[in-house]
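>>> Please work out how this folds:
(3 chains)
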Amino acid sequence: MAEFITFFFGAAVILAGAIGVVVARNAVHSALFLIQTLLGVAVIFVVQEAHFLAAVQIVVYAGAIVILFLFVIMLLGVDKAEDLGVEPIAGQKPLAVVLGASLLATAITFVLVATDGATGVGSGDPERQLDSGITDIERIGRVLFTEYAVAFQLTAALLTIGVIGAVVLTRSRSTADQLDDLEPASMDLPSLAPEGANDEHHVDTVEEDAS
Amino acid sequence: MILAELALTPPYYLVLSALMFAIGATGLLIRRNPLVMFMCVELMLNGVNISFVAFGADLNDVGGQISVFFVLVVAAVEVVVGLALVVAINRRRADATADDVSLLRG
Amino acid sequence: MLLDLAFLIPALPLLGFLVILVAGRRLGEPGAGWVATMAMGGSFAAAAAVFLGLLGEDADERRHVQTLWEWVPVGDFSVDIGFLVDPLSITMTLFITGVGALIHLYSIGYMHGDENFSKFFLYLNLFAFSMLMLVLGDNLLLTFLGWEGVGACSYFLISFWFTEEANATAGKKAFVTNRIGDWGFMVATFLIFVTIGSIEYVDIIGNAEGGLISESTATWITVLLLIGAAGKSAQFPLYLWLPDAMAGPTPVSALIHAATMVTSGIYLLTRVNPVLAEAASWSTDLIAWVGALTALFAATIAVAQNDIKKVLAYSTVSQLGYMFLAVGIGAYIAAIFHMITHAFFKALLFLGSGSVIHGMHHDQDMRHYGGLQKLMPITSATFIVGWLAIAGVPPFSGFWSKDEILAYAYDINPVLWVIGLLTALLTAFYMSRQVFMTFFGEYRYADVRPEEISEIWDNRVATAEAAVAEAKAGIGAAEEGVVKAQEKLDKAAEKLEQREAELAEVDESDDKAVDKATKNLEKAKDGVVKAQEAVDEVTVSVDAARAEVDTARAHVETVLAAAASAGDDLEGISDDDLPAAVKERREFHPHESPWQMTVPLILLSGAAVIAGVMNLPFSKDLHFLEKWLEPTLYGNKHKLGLSGGELWILAIVAVVIGAVGIAAAVAIYLQKRIPAERVELPILARGWRYDEAVSDFMGGPGRKGFDLVAWFDATIVDGIVNGTGRLVRTAGGGLRTLQTGLVRSYAALVAVGAVGLIAWFLVRTTF
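So this is what the prediction gives:
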């Protein structure tokens, strides 16, 4: 009973936040709504007894990723209001709504038609069972460092590469004397479109002495 | 009574997950601001996370939670690189929206 | 084992070809010629060795297949390079290489001085190689290789002197006409493969003997092979390339168009005789009738030809008709026998004519010959032997072989026999005509020719008319003179009047003035008188000029009258009027040809005399050729049902017919009792206008048909191909609109795809 109430409360928070992310005109508002959603997700995780994940969710997602978002928004000043009424691509909005609805419909159909909501079987491996008495964090730890050890190392490598990539991508020209060859490809590509067509979508080659 | 017989079976979580995913997808298609688009992607990923955990609980297997763990890590890296790209694009042209990057037009 | 030397037979000419290809220019004359001849000689030696090897086997065992390697291994279809050595192929090989070697030797002398000497022998050796592959191949594809090869070499050799447009055209005509026949050969090959799954002769014969080929299939194969053979062996309606092919050098005509290539068709039909035996009788009857009618048709045309080689060309078509007739009625032995004797005497006749042409400085018109017997004794003696052979005079070889065919023809169908007899009559006639016109009678080469005489008369008329024109011009000049003189007279008269007026006006008291005026008056009077005299003179000259024109005109009339009444003789023409060509011809003395040319003639004439020994009809024991070739015929030959007495009567009838033909020729051409125009009808000279009809058709409606086909190819076939390309481009262009470059459109498409996938799974899965 208590679970139900918690679940519905969490679900309401999540959905409100999700709709807020999509609908908010200001990007900062979207980020805040996102935080709301992520906290709701953490609540759901707790209901399911995935305590470790709830904690990690808040720390990593809400605490780091969204902060990163906010930093970039502040830095670039892309917080100017976006006019949602105008849609340059024809038919995109109706199509988006239809697709969203279809996705929802098909997923729910699947869920409701399946016999018990899930159609798979567990691995049966006692090492992996959640209800075996040890805490979920211990369970995760054990399995992570034995069965998934390689994947774990790979994610470490992935993180490193990600950091390096971010640094490289955002180097500004003026400070990249020795690293000219690592400069990301210039946007000054010749346009393949016929002259004058679709100009509003064309990226200017005007260089800016930004940052 | 009736309330006492209700149980939180996986379908509840899955429907929630589907809703989140659909909202995130719709948002991705509608919004032009690259950062907001990213946030919608995060929405979708979180929706999927919920269903992973639900399955893991139902099947009594820790695999669901492990998957969420990895999804989390990868989502983090993705956000890092993606934002770096947004920063690089915005250097050329302030107020670049997703529609401005159309050089691949055939 | 001697039989294993079979591969050398085609290999040596191929080697010769390669050597001359590489080193021909350096070998030059006569080195290249000797290389080629020795290659052929070696090939003949190899053939003789294989022949001996085959003789050593039992009569039933005489079939040996020597496989060199696999040529086309494609799934179920496998073709080897292999040689089928059996009596039939060895017989053909022997006379191909033997006669071929002699012709190579002959060519060394004939082509002396030609700037493309080595190229000639290059082609000759290539031809020999192709022909030997045709004959020795153990499957239809190798035979076809040789078939096409000899067609190509025939093209090369006919248009050897291609700088003359007529020669190049003749070569093309030969090639194209052959190709039409080749279509029949190819379809027959496909049909055989589809029916029995193999194209090797051993399998074809085995299947046909075993009754595994149905009658309708066999009939189709027969008809298609007949088309192929008719193209190659110049039967109606595909014979028209052979007379034109005489544009090539004479050794080419001898080798290709007498002894070897043209016999390929008959060889092919004989080779697959079990299939012919399985076919419906109308198809083999068709072969026989095509042969018989072609023989008669060509013989009639040969009667009116004036070119020494064209007579022989039509004669070849005619004799090949005999061979087709024999094949059609099942008398295969007779066909092969006649093929061999024909090879000898026809090659002899062609080489002899080449010798004559060589001696007469390449003049080929028989009307310019005459009396050459004393001047070219060896040539004429050998030519006469060839003549007697082809005319069917016993005991020369042609008599025995032709008589054999006629005997079989009589047995099958008397009508065929009558046609054969008529052809024999005409053959004797036109060959005798050729011999008499060329070697006997008076020496006509230095005679003035009718066209030269008419040229002289035309010149005379032209000169007279030119004189008239000149005279007319003279009148013009004279009349101008009159006008001028008249003007002078008028001026003088004016002066006189002027002086008279002066005198009248002068003061009579002034004596000086009066004297002066009187003197002037006298002068003026003199002037008038002189002017008048001048006018009179000039008028006279005008009359004279007019008279000249009249005389000139009269002269023209006389000349025209004389020209009209002048005949083909030299009446009214003196020696000085004759053109320089005639004088040259009077200086010219034809001579005998060098030994490289006469030795082959002698050898061939010997063969033409004694070749009859191969298959004398007097008793079964003397039928050497028949016994030799019997195993290759699998009992399919027709058995002669005539008694000895009937054979004698038929033989005598044939001899009498031949004698009638010769006698007619004597009457017309030696004794000149009957004018030749009665026999040499213009329509015959033009080949019954068949060639012209074909040309007109091809140029007119035929051309429209070809244009239609070309239009079809360019518009529809190319249209489909290009249209497909255009379609792809348009579709691509349409799909291009999807490529907006906008991330959100792509995202939408991904979402569409995802929804589609899920929906599909939803529909498919059962729960």
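>>> use CA for all of it now, contacts and neighbours both
OK.
>>> what sits against residue B:81?
Contact analysis of residue B:81 by C-alpha atoms under 8 Å, 6 or more residues apart in numbering or on different chains lists A:162, A:163, A:165, A:166.
>>> in what helix or strand does the third one lie?
Following DSSP states H and E, the helix or strand that holds residue A:165 is helix A:149-169.
>>> Go through that helix and flag the buried ones.
For helix A:149-169, burial by neighbour count (16 or more other C-alpha atoms under 10 Å in any protein chain shown) applies to A:152, A:155, A:158, A:159, A:162, A:163, A:165, A:166, A:168, A:169.
>>> Can you tell me the SS state at the closest residue to residue C:329 other than its chain neighbours?
Distances taken as C-alpha to C-alpha, 6 or more residues apart in numbering or on different chains place residue C:288 nearest to residue C:329, at 6.0 Å, with adjacent residues excluded. Three-state call for residue C:288 (DSSP: H, G, I helix; E, B strand; the rest coil): helix.
>>> need the helices for chain B, in chain order.
Secondary structure of chain B, counting by DSSP state H: helices at B:2-5, B:10-30, B:34-59, B:63-92.
>>> and the stretch 601-750 of chain C, which residues reach chain A?
Residues of the stretch 601-750 of chain C lying near chain A by C-alpha under 8 Å from any C-alpha of the partner chain: C:745, C:748.
>>> Do you know the pLDDT at whichever residue of the stretch 601-750 of chain C sits closest to chain B?
Residue nearest to chain B within the stretch 601-750 of chain C: residue C:741 (3.9 Å; C-alpha to the nearest C-alpha). Looking at residue C:741, its pLDDT is 80.
>>> go on, residue A:91?
Looking at residue A:91, its pLDDT reads 77.
>>> Next up, phi/psi of residue C:276, please.
Main-chain dihedrals, residue C:276, degrees, to the nearest 10: phi -60, psi -40.
>>> right, and out of the contacts of residue B:81, which lies closest to residue C:433?
Residue C:433 has its nearest neighbour among these in residue A:165, at 105.7 Å by C-alpha to C-alpha.
>>> Give me the below-cutoff pLDDT ranges for chain C.
C:566-573, C:575-577, C:619-621, C:635, C:766-767 (pLDDT under 70).
>>> wait, I meant chain B
Applying pLDDT under 70 to chain B picks out residues B:1-5, B:106.
>>> now for the helix or strand of chain A with the lowest mean pLDDT, which elements pack on it?
Counting by mean pLDDT, DSSP states H and E, chain A has its least confident helix or strand at helix A:92-113, which shows a mean of 85. Helices and strands touching helix A:92-113, by 3 or more C-alpha pairs under 8 Å, 6 or more residues apart in numbering or on different chains; DSSP states H and E, are helix B:10-30, helix C:743-764.
>>> So what touches that helix?
The contact list for helix A:92-113 (C-alpha under 8 Å, 6+ apart) reads A:87, A:117-118, B:11, B:14-15, B:18-19, B:21-23, B:25-26, B:29-30, C:745, C:748, C:751-752, C:755, C:758-759, C:762, C:767.
>>> residue contacts, residue 54?
Let's take chain A. Contact analysis of residue A:54 by C-alpha under 8 Å, 6+ apart lists A:41, A:42, A:43, A:45, A:46.
>>> oops, I was thinking of chain C
Shown in contact with residue C:54 (C-alpha under 8 Å, 6+ apart): C:3, C:62, C:86, C:87.
>>> neighbours around the second one, how many?
For residue C:62, the tally of surrounding residues (other C-alpha atoms under 10 Å in any protein chain shown) stands at 18.
>>> how far away is it from residue C:48?
According to C-alpha to C-alpha, to the nearest Å, residue C:62 and residue C:48 sit 15 Å apart.
>>> And residue C:639, by the same measure?
30 Å.
>>> can you list contacts of whichever strand or helix holds residue A:73?
Here residue A:73, judged by DSSP H and E, is contained in helix A:66-76. By C-alpha under 8 Å, 6+ apart, the residues outside helix A:66-76 that reach it are A:27, A:28, A:31, A:34, A:35, A:79, B:35, B:83, B:87, B:90, B:94.
>>> Report the angle between that helix and helix B:34-59.
Per axes from the mean of the first three to the mean of the last three C-alpha atoms, to 10 degrees, the angle that helix A:66-76 makes with helix B:34-59 is 170 degrees.
>>> May I see the buried residues of helix A:66-76?
Going by neighbour count (16+ other C-alpha under 10 Å), the buried part of helix A:66-76 is A:66, A:67, A:68, A:69, A:70, A:72, A:73, A:76.
>>> Check the offset of it from the chain's centre.
Its chain's C-alpha centre and that of helix A:66-76 lie 14 Å apart, by C-alpha atoms, centre = their mean, to the nearest Å.
>>> Restricting to C-alpha, output that helix in CSV.
Provided in CSV are the C-alpha atoms of helix A:66-76 (Å, rounded to 0.1, in the frame of the first residue of the first chain):
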residue,chain,number,x,y,z
VAL,A,66,22.5,18.6,-15.1
ILE,A,67,25.1,20.9,-13.6
LEU,A,68,27.1,20.5,-16.7
PHE,A,69,24.1,21.4,-18.7
LEU,A,70,23.5,24.5,-16.7
PHE,A,71,27.1,25.6,-17.0
VAL,A,72,27.0,25.3,-20.8
ILE,A,73,23.7,27.2,-20.9
MET,A,74,25.2,30.0,-18.9
LEU,A,75,28.4,30.0,-20.9
LEU,A,76,26.9,30.1,-24.3
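>>> I'd like to know which elements whichever strand or helix holds residue A:43 is packed against.
Residue A:43 is part of helix A:27-47, with elements assigned from DSSP H and E. In terms of contacts (3+ C-alpha pairs under 8 Å, 6+ apart), helix A:27-47 is packed against helix A:2-23, helix A:51-56, helix A:66-76, helix B:34-59.
>>> Let's have those helices in TSV, adding distance to residue C:237.
Formatted as TSV, the helices and strands packed on helix A:27-47 follow (distance: least, C-alpha to C-alpha, whole Å):
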stretch	distance to residue C:237
helix A:2-23	90
helix A:51-56	98
helix A:66-76	93
helix B:34-59	85
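>>> Single out the most deeply packed of the ones you listed.
Each of the helices and strands packed on helix A:27-47 was scored by mean neighbour count; the highest is helix B:34-59, a mean of 24, by mean count of other C-alpha atoms under 10 Å in any protein chain shown.
>>> how about that one, does it get close to chain C?
No. Helix B:34-59 does not reach chain C (C-alpha under 8 Å from any C-alpha); its nearest approach is 9.7 Å.
>>> Show me what that helix is packed against.
With 3+ C-alpha pairs under 8 Å, 6+ apart as the test, helix B:34-59 has helix A:2-23, helix A:27-47, helix B:10-30, helix B:63-92 packed against it.
>>> List the buried residues of the second one.
So the one you mean is helix A:27-47. Neighbour counts over helix A:27-47 (16+ other C-alpha under 10 Å) mark A:27-47 as buried.
>>> Ok, the longest one next?
Under the neighbour-count criterion of 16+ other C-alpha under 10 Å, helix B:63-92 has B:63-66, B:68-69, B:71-92 buried.
>>> that's a helix at residue C:67, yeah?
No. Using three-state DSSP, the assignment for residue C:67 is strand, not a helix.
>>> Apart from its chain neighbours, what residue comes closest to it?
Nearest non-adjacent residue to residue C:67 (C-alpha to C-alpha, 6+ apart): residue C:82, at 3.9 Å.
>>> So the one you found, which state does it fall into?
Secondary structure state of residue C:82, per three-state DSSP, is strand.
>>> residue contacts, it?
Counting by C-alpha under 8 Å, 6+ apart, residue C:82 makes contact with C:65, C:66, C:67, C:68, C:69, C:137, C:138, C:139.
>>> how does it look with 10 Å?
Going by C-alpha atoms under 10 Å, 6 or more residues apart in numbering or on different chains, residue C:82 touches C:6-7, C:65-71, C:133, C:136-139, C:142, C:200.
>>> how close does it get to residue C:90?
14 Å.
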